[in-house]
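J.: Got a predicted model here, sequence first, then my questions.
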Amino acid sequence: MKTKRFMAVALTTALSAGALYGSVATADTLDTVLKVGEQKTAAATASQKRIDKIAQETSDLLQQFKVVNKEIDGLRVYNRQLEKQLANQLSVIKDLDESIDQVTVIERQIQPLILRMLEGLEQFIELDAPFKLAERKANLEGVKNAMDRSDITVAEKFRQVLELYKFESEYARKIDTYGDTLNVNGQDREVSVLQIGRIALVAQTTDSKISLAYDKEQKAWVEIDDGEYRRAIMQGLKIAKKQATTDIMTMPIPAPEAAQ
């Protein structure tokens with residue numbers, strides 16, 4: 001009995017030790033499994049972070065690609081517009097080159113024309129009534145001197161000639177007066193000259209005693225009847241000076257010649 005009881009106790013002790021060892025072994029295995037799981041979880045988390053980072057970088061690159069693509073489209077439109085403008089500019093340059101060639105030809109033709117116009121105007125002044133003769137000749141001489149200057153364009157020279165012609169044409173529509181010195185009866189006398197367009201050119205001494213008229217046929221100043229024209233000339237001088245209103249004036253005007 002004692003032997004059996006001892007064996008039973010020994011067996012129970014052995015079973016208890018085995019169970020205890022088994023529990024310890026199971027706990028160690030569970031810790032190992034948990035640690036491996038934690039390591040896998042950490043690795044998976046790190047991998048997910050890398051994936052998220054790559055996905056974000058991919059998204060950013062895609063947005064940059066879209067922006068750059070839009071810029072490229074805009075540049076293509078801009079380049080097409082520039083190509084049209086460049087083609088238009090080339091066409092304008094071609095037209096300008098042709099115009100320059102034409103201007104060169106025109107300049108060669110205008111220069112002789114200007115000189116002929118000045119010669120004709122000079123002859124006209126010499127044959128015209130001698131009102132404001134010094135002033136008109138000075139203006140003509142100034143324009144003639146400008147013709148030899150290289151710093152003045154042909155266009156400006158032509159403009160000056162046309163302006164001179166304009167001044168001459170305006171004399172025909174003006175009533176003007178100015179002071180001058182004329183030889184009267186062998187003496188130089190101060191006179192007031194009355195210019196009525198190109199219709200009449202008369203003068204009167206400052207004391208109003210002698211009246212004169214320019215005779216184109218004789219190309220000289222001649223005395224006229226004081227009784228008939230004295231008051232008319234005095235009135236005309238007042239009108240020219242804006243001291244009286246425009247009125248009818250009796251002036252010595254040569255009779256028109258019959259056409260031949």
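T.: Received, thanks. Everything numeric here is computed off the predicted structure, so don't read it as measured data.
J.: For Leu201, grab the count of nearby residues.
T.: By the criterion of other CB atoms under 10 Å, Leu201 has 22 neighbours. (Each C-beta comes from the backbone N, C-alpha and C, glycine too.)
J.: try Asn139
T.: 18.
J.: quick one: least confident helix or strand in this protein?
T.: helix 2-127 (a mean of 76; mean pLDDT, DSSP states H and E).
J.: Against which helices or strands is it packed?
T.: helix 133-146, helix 154-171 (3 or more CB pairs under 8 Å, 6 or more residues apart in numbering; DSSP states H and E).
J.: closest to Lys216 out of these?
T.: Proximity to Lys216 (CB to CB) singles out helix 133-146 among the helices and strands packed on helix 2-127, at 13.8 Å.
J.: which one is Lys144 nearest to, not counting chain neighbours?
T.: Sequence neighbours aside, Leu118 is the residue nearest to Lys144 in space, at 5.8 Å (criterion: CB to CB, 6 or more residues apart in numbering).
J.: returning to that earlier point: reformat the helices and strands packed on helix 2-127 into a markdown table and put mean pLDDT and distance to Thr58 next to each item.
T.: What follows is the helices and strands packed on helix 2-127, written out as a markdown table (pLDDT from 0 to 100; distance: least, CB to CB, whole Å):
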| stretch | mean pLDDT | distance to Thr58 |
| --- | --- | --- |
| helix 133-146 | 93 | 79 |
| helix 154-171 | 92 | 69 |
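J.: Flag the shaky bits of the stretch 151-260 of the chain, pLDDT-wise.
T.: Within the stretch 151-260 of the chain, the ranges that satisfy pLDDT under 70 run 226, 254-260.
J.: Let me see the residues that make contact with stretch 63-77.
T.: For stretch 63-77, there are no external contacting residues (CB atoms under 8 Å, 6 or more residues apart in numbering).
J.: Could I get the buried residue list for that stretch?
T.: Judged by neighbour count (16 or more other CB atoms under 10 Å), stretch 63-77 contains no buried residues.
J.: Tell me where the stretch 151-260 of the chain has strands.
T.: 175-184, 187-196, 200-205, 211-215, 220-223 (DSSP state E, counting those that start in this stretch).
J.: in the last one, what's buried?
T.: I take that to be strand 220-223. By neighbour count on 16+ other CB under 10 Å, the buried set for strand 220-223 is Trp221.
J.: Check which helices and strands it is in contact with.
T.: Strand 220-223 packs on strand 175-184, strand 211-215, going by 3+ CB pairs under 8 Å, 6+ apart.
J.: quick one: which of the ones you listed is nearest Arg108?
T.: Nearest to Arg108, of the helices and strands packed on strand 220-223 and by CB to CB, is strand 175-184 at 39.6 Å.
J.: related to what we said a few turns ago, between the helices and strands packed on helix 2-127, which one is nearest to Gln39?
T.: helix 154-171 (95.4 Å).
J.: How far off centre is that closest one?
T.: The chain centre lies 26 Å from the centre of helix 154-171; the measure is CA atoms, centre = their mean, to the nearest Å.
J.: Any chance you could list what contacts it?
T.: With CB under 8 Å, 6+ apart, helix 154-171 has contacts from 107, 110-111, 114, 117-118, 121, 124-125, 131-132, 136, 139-140, 143, 146-147, 195, 197-198.
J.: same thing but 7 Å
T.: 107, 110-111, 114, 117-118, 121, 139-140, 143, 146-147, 198 (CB atoms under 7 Å, 6 or more residues apart in numbering).
J.: Out of the helices and strands packed on strand 220-223, which gets nearest to Leu30?
T.: strand 175-184 (132.0 Å).
J.: circling back: tell me which of the strands of the stretch 151-260 of the chain is the most buried.
T.: Of all these, strand 200-205 carries the top mean neighbour count, a mean of 22, counting by mean count of other CB atoms under 10 Å.
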